[in-house]
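Undergrad: could you look at this predicted model? Sequence included:
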Amino acid sequence: MIRSMSSWIHCITLLILLSTSGSLWSQQLEDHTGYHDHSAHLKALSNTHFTVSDVSYVIPNKILLDESGKQIELKTLLNRGHPVALNFIFTTCTTICPVMTATFLQMRKVLGKAGANVLFVSISIDPEYDRPAVLKKYATLFDVSEGWTFLTGEGNSINHVLRSFDVYAGSKMNHQPVYLFKKPDSPTWIRVDGLAGGKELANLVMERLLN
Amino acid sequence: MIVFNTRSRIFQFLVLLLFVLSLFVLSCNESSGGQKEIKETAKEKLVDIGRRIYRDGKLPNGEPLAAIVTGDVAVLGTQFSCQNCHGRSGMGAAEGKIIVPAIAGPILYAPSPQPKRLAYDYKSLTRALRDGVNPNGRPLDSLMPRYKLSNDEISALATYLKGLSASSSPGVDSKIIRFATVVSEAEDKDIRDAVLSVLRTYVDDKNRQTRLEGQRLDRGTTPASRLPTVFRKWVLDVWVLKGASESWPEQLERYYKSAPVFALLGGIATDNWKLIGQFCENHEVPCLFPSTSLPLAEEGDFYSLHFSQGLLLEANLIASHAVSNNFKSVIQVYCDSVTKPVADSLSLQLKSQNVTVQEIVFDCRKPLPVKELVKQIDSKPEAAVILWLKENQFSVLVNILAENRVYMSSTLLNGKSNLKLPSLPVSVYLAHPFNLPDKVDSALIRFKVWARSRKIDVRYPRIQSEAFFACLAANDAVSHLGRFLIRDYMLDMLDHAQPLAAYIPIHPRPTIGPGQRFLTKGGYILTTQNGKLTTKDATWILP
């Protein structure tokens, strides 16, 4: 008897729920029948925080490996007479690395032709896992074309490089978002600490590197 | 006219009433078999779509999700899935300064006290995913992508999240957490006993130390102290696998059915872990750090963590070394089904580098065909010779081999028993993916101290210390899980436990990272000098 009572109560509740959720549902459909333009929203909410500073580093004379397994002299690569955009990533990173890679891509897109001769370099901070083949796969995932070099190498060399650019964090799980930019033939790097947007980086590069 | 109108309204009302009543009746009958089934399959389908979105970042049509992060950066779901940041378990993570919140059902759909947030529902989840606003109207971090998702896709994801990490994994109840260790009967009894003594002592110790902690919580009067206790007694089952390996899967199923376990700890099956690894994938059971020389995991396997790829890593080391030493042809000698996959992998790699590979295969149970071997080896004085042989097989060849072109496996020569380098009177290259014997192995020393104070006889330091680390890693991960005793969460925790790497014995330069299932990625090639192996010129190779 009690059981049948409770099942009736259950039914009535369901009935009420049904009638109310029906109207809610149609409201949602009205709200989202198409994609709204959220650009205003995004602008208000993007709240990227970053700082820009000028620093000078001594580029270490280390030999690293690129994504096709070729030996690359870092000093020569970074002094090839191109403007350089540099960051530090690892392929199994779960938070900031895919964003940092995508941000460089977006920046390149925004720069368009103006940024055609910017050399992009991403150095892995997990060299034991990120062997050339792994980096190649990562580059393919992001559909990276010409003009972008992914580097790995011997653990000690990588650590040396990280210290030289003041980005060594002890453990890869502790690593911070940093973007570095350099004019050709200039020892000074423009350092961006924090996750800037693609357009923000593009503006900076236009202003400081490509003028 | 007016009368007619009223009548029509009454009529409309009656029709509506009838409709509502029929709905009412339908909903009351929902427990009838057929309808329930249809509902269940529809829900399963929804969960499948949601899972795909969550894990792979792919929409039902196979296209990747599209999203915007940090203001204007376009990303695809395949580069950046929900799982990438929030973990397979949805329990969140922390990296650097960034904290990724937990979004598993029980947490997402409940109010959060710290940081304060209302419970999510369908509507607020939609807003979070599309516009990056939480239920309190606060903006989410710019790192959280703003996704382009249809209503149906959001429903699927919402349904998937509801079930994600919503109940404890098998092998756990309110009092215990059950583990098992798998040992193959093909291993020496002495070795099995040595490993089991470590595992049993660790579990026993752990239970003694924590036995009162469960009672501690029940005494409080605050709501928090009335939460179900997080402390569980550890139970360790021993699953002995008997007979031919073909029958192992069935034996494993039987063990699992009689008492499901939360995870497998350590274990020993030197020659073949493949079938046990498959069992772990099938039942989604974490398999932590077994002692084996052949893990043979498939790409994309999630549930087994290994110290290294074992013999396959040695094959990779030899391939790298032989190619960089300009060997253009190679003779490979092996004798059984254990070394076959290793030899196959090596010859595939060498052939891709335009090295010709000749193979000499013989029956392990019969004596080594020395004459034929010598003839073949002598006929190719320029070729490197790779011997996948154990110590007893190798000794016959000792005096015949030419210098500086023979590669051998440290694992096969050494067996499981000791850490000393074998004595090799001729000059060979030895693939050695282990710590160098003359270097201090602090993790091994730590284990020995632990073992000594517990009266454990350390007869097989390598595998005993491996078993010890398996326990240590499990304990570390479980202690981070709190009330959420979820297997996937355990593996997510281990993925981020980079500091644990410092406690790994025997295996050099291990690194831990999300999705990384073999912790030691490289190894050494050792050479002999004056009839003795030396570590002086040991070069670290990352294949």
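TA: Now that the structure is in, tell me what you want to look at. Numbers count the residues shown, from 1 in each chain, chains lettered A, B, ... in the order given.

Undergrad: what's across from the residue of the stretch 101-250 of chain B found nearest chain A in the sheet?
TA: For the stretch 101-250 of chain B and chain A, the shortest gap (C-beta to the nearest C-beta) falls at residue B:139, measuring 4.0 Å. Placement of C-beta: from N, CA and C, glycine included. Residue B:139 has these beta-bridge partners by DSSP bridges: residue B:133.

Undergrad: got a pLDDT number for it?
TA: Per-residue pLDDT puts residue B:139 at 92.

Undergrad: list the contacts for the residue lying closest to residue A:95 once chain neighbours are set aside?
TA: Distances taken as C-beta to C-beta, 6 or more residues apart in numbering or on different chains put residue B:95 closest to residue A:95, at 4.5 Å, once the chain neighbours are dropped. Applying C-beta atoms under 8 Å, 6 or more residues apart in numbering or on different chains, we find residue B:95 in contact with A:93-96, A:173-175, B:496.

Undergrad: and the pLDDT for residue B:95?
TA: In this model, residue B:95 carries a pLDDT of 80.

Undergrad: lowest-scoring secondary structure element of chain B by mean pLDDT?
TA: helix B:2-28 (a mean of 52; mean pLDDT, DSSP states H and E).

Undergrad: count of residues packed around residue B:448?
TA: Other residues near residue B:448 come to 18 when the count uses other C-beta atoms under 10 Å in any protein chain shown.

Undergrad: so it, which of the three states?
TA: Look at residue B:448: counting by DSSP: H, G, I helix; E, B strand; the rest coil, its state is helix.

Undergrad: count of neighbours near the nearest residue in space to it that is not next to it in sequence?
TA: Nearest residue to residue B:448, sequence neighbours excluded (C-beta to C-beta, 6+ apart): residue B:458, at 5.8 Å. Other residues within reach of residue B:458, judged by other C-beta under 10 Å, total 17.

Undergrad: which residues touch residue B:458?
TA: B:194, B:447-448, B:451-452, B:464.

Undergrad: shaky segments in the chain?
TA: Let's take chain A. A:1-48 (pLDDT under 70).

Undergrad: can you look at chain B instead?
TA: Looking along chain B with the criterion set at pLDDT under 70, you get B:1-34, B:214-229, B:395-396, B:398-400, B:402-403, B:415-425, B:531.

Undergrad: what's the neighbour count on the closest residue to residue B:529 other than its chain neighbours?
TA: Spatially, and ignoring its direct neighbours in sequence, residue B:529 is nearest to residue B:536 (7.4 Å; C-beta to C-beta, 6+ apart). As a burial measure, residue B:536 scores 10 neighbours (other C-beta under 10 Å).

Undergrad: equivalent analysis for residue A:63, please.
TA: 13.

Undergrad: that one contacts residue A:74, doesn't it?
TA: Yes - under the contact definition of C-beta atoms under 8 Å, residue A:63 touches residue A:74, with a separation of 7.4 Å.

Undergrad: tell me the SS of residue B:157?
TA: Residue B:157 is classified as helix under three-state DSSP.

Undergrad: surely it touches residue B:149?
TA: Yes - contact criterion C-beta under 8 Å: residue B:157 and residue B:149 qualify, at 7.2 Å.

Undergrad: anything in contact with each of the two?
TA: B:53, B:129.

Undergrad: those two: who's more crowded?
TA: residue B:157 (26 against 22).

Undergrad: ok, the residue nearest the centre of chain A - contacts?
TA: Against the mean C-alpha coordinate of chain A, by C-alpha atoms, centre = their mean, the closest residue is residue A:100 at 1.4 Å. Applying C-beta under 8 Å, 6+ apart, one finds that residue A:100 lies in contact with A:87, A:89, A:177, A:179, A:195.

Undergrad: could you report the neighbour count for residue B:299?
TA: The burial count for residue B:299: 5, using other C-beta under 10 Å.

Undergrad: what does residue B:309 give?
TA: Count around residue B:309 with other C-beta under 10 Å applied: 24.
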